[in-house]
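J.: okay, predicted coordinates and the sequence, questions at the end:
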Amino acid sequence: MKLNIPTTLTWIRIALIPAFVGVYYLPVDWLTPTEKNWIGAIIFSAAAATDWADGYLARKLGQSSAFGAFLDPVADKLMVAAALLLLVQMDRADAILAFVIVGREITISALREWMAKIGEHRSVAVNNIGKFKTAAQMTAIIALLLYEPFFPGIPTPKLGTFALWIAAGLTLWSMFYYLQHAAPHMDKPPRD
C-alpha cells in the first residue's frame, strides 16, 4: 500500500482518537478538568479538520484511492463513536442519542456494503442531509467535549445538547432517506 497525503491524514485522524479520549483519563494533578476539556476539544477539532482536508486534497491532488475511500468513513465512524461513548460516560450526552447516531452509522455502513455487492452503490451516495447531520454532530461533540464557556453568553453544554438533538434527528432522517433509495433494489441478487 502506497501512502499519499489524504490517506496519511486519515491515519492521523485515527491516531488522534486515543489522544483526545486519553486526555480525559489523565490524573487531575497533571491537568485540571478545564485544561482536559480544552485540550480534548482541540484535539477532536484537529481530527475533524483532517476529515475535510483529506477529501479536499484527494480531489485537488488527484490522489483518490480505493483504500482511502474505504478508510475515510471508517475513521469518521471510529472518531464519532469514541467521542459519543466518552461523552455518555462523562454524563454529558444522552445514551439514547448516542445509540441513535452510532446505530445509524452501522446500519448505513452495512447498507452501503450490500448495495455495492449488487452494483447499486450510487443509490446510497452521500447527500446534503448527511452533510448537515455531520455539521450538527461535530458542533455537538466539540461543544460537549469543551463544556466550558467559549464566547460570553454561549453555554457550550446547552449548545452541544441542542446540536446533538438536531444531529440525532438528521441522523434518523438521513437513514430513512438512504433506506428509501435502497428499497427498489432490495430484491436484486448480489453480483459474483
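T.: On my side now, so go ahead.

J.: run through the neighbouring helices and strands of the lowest-mean-pLDDT helix or strand in the chain.
T.: Least confident element among the helices and strands of the chain, by mean pLDDT, DSSP states H and E: helix 95-117 (a mean of 85). Secondary-structure packing of helix 95-117 (3 or more Cβ pairs under 8 Å, 6 or more residues apart in numbering; DSSP states H and E): helix 66-89, helix 156-182. For the C-beta atoms, the positions are set from N, CA and C on the backbone; glycine is no exception.

J.: for those helices, which one sits closest to Ala110?
T.: Of all these, helix 156-182 sits nearest to Ala110, with 10.8 Å by Cβ to Cβ.

J.: that closest one packs against which elements?
T.: helix 95-117, helix 128-146.

J.: contacts for the shortest one?
T.: In this structure, residues lying in contact with helix 128-146 by Cβ atoms under 8 Å, 6 or more residues apart in numbering are 20, 37-38, 40-41, 44-45, 48, 80, 83-84, 86-87, 92-93, 101, 150, 156-157, 159-164, 166-167, 170-171, 173-174, 177.

J.: quick check: buried residues in it?
T.: 129-130, 133-134, 136-146 (16 or more other Cβ atoms under 10 Å).

J.: next one: the nearest residue to Leu170 once chain neighbours are set aside from Gln63, what distance?
T.: Nearest residue to Leu170 in three dimensions, chain neighbours excluded: Lys133, at 3.8 Å (Cβ to Cβ, 6 or more residues apart in numbering). Going from Lys133 to Gln63 by Cβ to Cβ, to the nearest Å gives 27 Å.

J.: and for Gly169?
T.: Distance from Gly169 to Gln63, by Cβ to Cβ: 35 Å.

J.: and what of Gly103?
T.: Counting by Cβ to Cβ, the gap from Gly103 to Gln63 is 33 Å.

J.: now Leu9
T.: 10 Å.

J.: shared neighbours, the two?
T.: Leu57.

J.: neighbour count winner among these two?
T.: Set Leu9 next to Gln63 and count neighbours by other Cβ atoms under 10 Å: Leu9 wins out with 23 against 17.

J.: residue contacts, that one?
T.: Neighbours of Leu9 in contact, by Cβ under 8 Å, 6+ apart: Thr50, Ala53, Asp54, Leu57.

J.: nearest residue to it in space, please, no chain neighbours.
T.: Closest to Leu9 by Cβ to Cβ, 6+ apart is Asp54, at 4.0 Å.

J.: the one you found contacts Pro6, correct?
T.: Yes - contact criterion Cβ atoms under 8 Å: Asp54 and Pro6 qualify, at 4.0 Å.
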